[in-house]
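> Provided below for reference: sequence and predicted model.
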Amino acid sequence: MDSGSDKFSDKNALEDDQTLGRNVTDWLVYGLASRALMERITDEEIKRSIQFRLPLAAIVIGVDFFKEYIVQNGLSSGAKCLHAVISSAKSALRRKGDILSRYSNDEFVAIMPETHISGAIKVAKAMQASLDDMAIRHEASIYGKVTLSVGAAMLDPNMGATPIEGVRTTLLLEADRALCIAKLAGGNRVMVSILDPDMTHIRS
Ligand SMILES: Nc1nc2c(ncn2[C@@H]2O[C@H](COP(=O)(O)OP(=O)(O)OP(=O)(O)O)[C@@H](O)[C@H]2O)c(=O)[nH]1
């Protein structure tokens, strides 16, 4: 994963985050990219994906039954649980161009340039396996331990031609929608969505 100093110590990104009033320490302490930096890099990768006809994948990662985990174990254990998720996600993201960022309170997003949906599923399963190995007890979960649901989406440049505004938003929303479906289906699974740059062919 590209957790090297260049991108993550990006001064502009730090300023962006401060302007937006977000918690900058998230990515400084845990090696996550700020939301602003993730968005900027995703926009660059979308342009590159369309120009060179390369696939671009995004996955949104969420802990199953996380609210129940907090109720049973408290906020401090909840935070430790999220750190374990970050660690699992980072261990599965081995390519230099991969980027991991916070998506919402208890969700994370990984952007994977030059990665087909099949590769994204492989990475998602590696994240799940890594967390599974940690065997963090979760008595309120049907699985008895902390598990992950993952929604994956891919921009397929071969299916369309024209880049339009809002591709990044749609890519992330589609991955998040796939995550919601994975959670509704019982959790501990990976669901996918594929879209083209014209966003006329969304498939789940
Ligand atoms: N973005 C990204 N994709 C990965 C990573 N690991 C695996 N993949 C995807 O999963 C596919 C199969 O991965 P592997 O079985 O490890 O095969 P590989 O050809 O050795 O993987 P690479 O050397 O990363 O291309 C790759 O072609 C990628 O699409 C990763 O760390 N980051």
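That came through fine.
> Secondary structure element holding the closest residue to the ligand within the chain?
Closest residue of the chain to the ligand, C-beta to the nearest ligand atom: residue 119 (2.0 Å). Quick note: C-beta positions are derived from backbone N, CA and C, even for glycine. Taking DSSP states H and E as the criterion, the element that holds residue 119 is helix 117-134.
> helices or strands up against the helix or strand just after that helix?
Downstream of helix 117-134, the next assigned helix or strand under DSSP H and E is strand 148-155. Strand 148-155 sits against helix 35-52, strand 56-63, helix 117-134, helix 167-184, strand 190-195, with contacts defined as 3 or more C-beta pairs under 8 Å, 6 or more residues apart in numbering; DSSP states H and E.
> just so I know, which of these lies nearest residue 89?
In terms of C-beta to C-beta, the element of the helices and strands packed on strand 148-155 nearest to residue 89 is helix 117-134, at 5.1 Å.
> Could you list every helix and strand that that closest one packs against?
Contacts defined by 3+ C-beta pairs under 8 Å, 6+ apart place helix 117-134 against strand 56-63, helix 75-92, strand 107-113, strand 148-155, strand 190-195.
> Indicate which one of these is closest to residue 137.
Using C-beta to C-beta, these put helix 75-92 closest to residue 137, at 10.0 Å.
> Residue 85 and residue 108 touch, don't they?
Yes - if you go by C-beta atoms under 8 Å, residue 85 and residue 108 touch, sitting 6.7 Å apart.
> Pull up the overlap in contacts between these two.
Residues touching both residue 85 and residue 108 (C-beta atoms under 8 Å, 6 or more residues apart in numbering) are residue 61.
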